[in-house]
Each structure stands twice: as C-alpha cells, then as structure tokens.
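> Using only what follows, build the 3D model:
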Amino acid sequence: MRRKAYVPGIAALLAALLAGCTGGSGDGATTDDSNPGDPGVTSQAAQPGKYRTLPEPCRAVGNKTLDSLLPGIKEIADEVSREKAYAGEATLAYDTDRKVGCRWKVESATATDHLFVDFERVVSYDNAVSDDSEAEQLFAKRVEAADLPEPAVSETPSASASGSASGSATASASDGASAPADGSPSSSASGSPSTGTSDGATPTDLQPRLLDDLGDEAFLDDELNSSGSTAQRRTVTVAFRTSNVIVTIEYAEQPTTLAVAPDSEEMQDRARKLASRLADSLGG
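Numbers count the residues shown, from 1 in each chain. Here you go, the predicted model:
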C-alpha cells in the first residue's frame, strides 16, 4: 500500500519540477504553442547594409581636387615633400572595414589649409534593426549635435531672388565686399574678407543647413573661430549618409593675416564639390 501511495507522489513532484523549468504560466497548452523555434513566431532578420568595405581614404581625393582645396600644395618646391603632401596621412584605424580617414595640411605664404576625410561603415548588432536604420539614427544624432540654426527667411525680397542678391549683399556689407551672397559658383578673390559682413559673419544663405542634393541625407556646418591675436580660422564641415556609410569632410583655413577672414562661399563650394565626388565614387 505504501509503495502504491509513494509512486503518485513522485510523479506529482516531477510534474511540478518540469512545470517550473519550462517557465510556464500555469497553462501548459499556451507554453507549448509559444515554441520559440516556430517559424511563424520568429521575426525576420533585418537586411544588411549596401556597403561591406570602405575605400582607401588617402586615395579617395585626387591631386587636382587637392590643388583646389590646398592651394599651397603646388608651391612646395621640393618634389619629395610635395608628393608627401599629396599622399596625406592616414588616421589610426583598428578596423579598416569599419572606419578610416585621412588628413592633409599645407602651409603657404597666405594661409594654412587643413583637410580631413572620414568614412564610417555602420553595422547593426541587432537582428531587428538594419544597418541602414542604425546609420540613419547615428546620423540624426550628428545633425542634432551640429545644432543647425532654423532656416532664415530674408527680410528683403530682392535678396532672396536669384540674380539680384548681389546688390543687397553689397549694401549690407559695411566693408564694401562685392562678392554675391546667393551661393553662386563664382566667389570673391582668394584672401579677401569673408563674404557678408565686416566682422566675418556668414551670410544667411550660407549658414549651416541641411542639404537635399547629397546622398540619402546631408548637412553643412560653417564655423569661424578667432582667439586673442590669432588669425581667424574657418572650418566648413560637410557630412552625408548613403545607405550604411557616413562620410565626413572637414575643410579648414587660417590666413596668415589677422585682418583677413577665410571666404565662406568659396570654402563651402570646394567642400561640397568634394562631397559630391565622394558620393559618386560610392555610388550614392
């Protein structure tokens, strides 16, 4: 009799232990139906990004482009030094499939120019988030960090009209600068004060802003810094995303003359042209 009473007790104990191990909510049928291996329940993995590798950054910018961005490079007399300047200097990279960059610095009689190009391939480690979505989120954070101003509306109608902005720009420039402020390809002569106001401020239509003609999304930042007796240094940043790759260009110039500010329009035009070439080389 004791043996017959003992066996059901063991069975009940095993059943309780099994129920605890399966983590069931008390409804055995529900636990069995929520089998994580069921194809109907598992979510489909997100698609990988378009790009699996990155270009060689120091070869991504051609010599003719460097001639435009770094005017002093052609003035280097020594051939070995000139070739070294063209070659640039690769930034330290621990994973060249994920992040690479290159820097150039050239000094001339009138200014010191810097160029930095960075490529970053974004990879999502979440199967539910695609590489493109991860890159999009990262780029959104960079746009936020750039703290771009709200698009401004010109108070003078003629200033916003194509072809008639030069007159308004001239009238608003107390230093008599005659360069147009409408973002046209033609810019003021090299070495002249910054387009716009006498204090080197950037005109409204050249302010930091989002760009709609580069990659999947892009923005441009323009910052003029001066400290104490140091000459004013302008840094133009153009960043864009195409699929899961983010490209950043930083182009800076610091004249040797204290009273001269680098030309905003000219520098933006050069940086945007380089960005367009890099986007084309990526197929973006």
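> what's the one helix or strand Val100 maps to packed up against?
When elements are assigned from DSSP states H and E, Val100 belongs to strand 99-107. Contact partners of strand 99-107 among helices and strands, from 3 or more CB pairs under 8 Å, 6 or more residues apart in numbering; DSSP states H and E: strand 89-90, strand 111-121. From N, CA and C alone the C-beta is placed, and that goes for glycine too.
> same thing but 10 Å
Under the contact criterion of 3 or more CB pairs under 10 Å, 6 or more residues apart in numbering; DSSP states H and E, the helices and strands touching strand 99-107 comprise helix 63-69, helix 79-87, strand 89-90, strand 111-121, strand 245-255.
> ok, the last one: who's next to it in the sheet?
So that's strand 245-255. Taking DSSP bridges as the criterion, strand 245-255 sits next to strand 111-121 (antiparallel), strand 233-242 (antiparallel) in its sheet.
> Val100 is nearest to which of the helices and strands packed on strand 99-107?
strand 111-121 (5.3 Å; CB to CB).
> Now do the closest one against strand 99-107, angle only.
An angle of 170 degrees separates the directions of strand 111-121 and strand 99-107 when computed by axes from the mean of the first three to the mean of the last three CA atoms, to 10 degrees.
> Which of the helices and strands packed on strand 99-107 has the highest mean neighbour count?
Each of the helices and strands packed on strand 99-107 was given a mean neighbour count from mean count of other CB atoms under 10 Å, and the largest, a mean of 22, is that of strand 245-255.
> where does the stretch 101-250 of the chain have low pLDDT?
Along the stretch 101-250 of the chain, segments meeting pLDDT under 70 span 152-203, 227-229.
> Touching, Thr256 and Asp113? I think so.
No - look at Thr256 against Asp113 with CB atoms under 10 Å: they stay out of range, at 11.5 Å.
> list residues touching both of the two?
When contacts are counted by CB atoms under 10 Å, 6 or more residues apart in numbering, the set common to Thr256 and Asp113 consists of Glu107.
> how close does Tyr125 get to Asn244?
13 Å (CB to CB, to the nearest Å).
> of those two, who's got more company?
Neighbours per residue, other CB atoms under 10 Å: of Tyr125 and Asn244, the larger number sits with Asn244, 24 against 7.
> which stretch of helix or strand covers the nearest residue to Val122 once chain neighbours are set aside?
Spatial nearest neighbour of Val122, chain neighbours left out: Ala135 (3.8 Å); criterion: CB to CB, 6 or more residues apart in numbering. Taking DSSP H and E as the criterion, the element that holds Ala135 is helix 131-146.
> Now do that helix: which elements does it pack against?
Under the contact definition 3+ CB pairs under 10 Å, 6+ apart, helix 131-146 sits against strand 111-121, strand 209-211, strand 217-225, strand 233-242, strand 245-255.
> Turn the ones you listed into CSV, including distance to Asp67.
Written out in CSV, the entries for the helices and strands packed on helix 131-146 read as follows (distance: least, CB to CB, whole Å):
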stretch, distance to Asp67
strand 111-121, 11
strand 209-211, 24
strand 217-225, 22
strand 233-242, 18
strand 245-255, 14
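> With respect to Arg272, which of those lies nearest?
For these, proximity to Arg272 was assessed by CB to CB; strand 233-242 is nearest, at 5.9 Å.
> For Ser264, give its distance to Val245.
Applying CB to CB, one obtains 28 Å for the distance of Ser264 from Val245.
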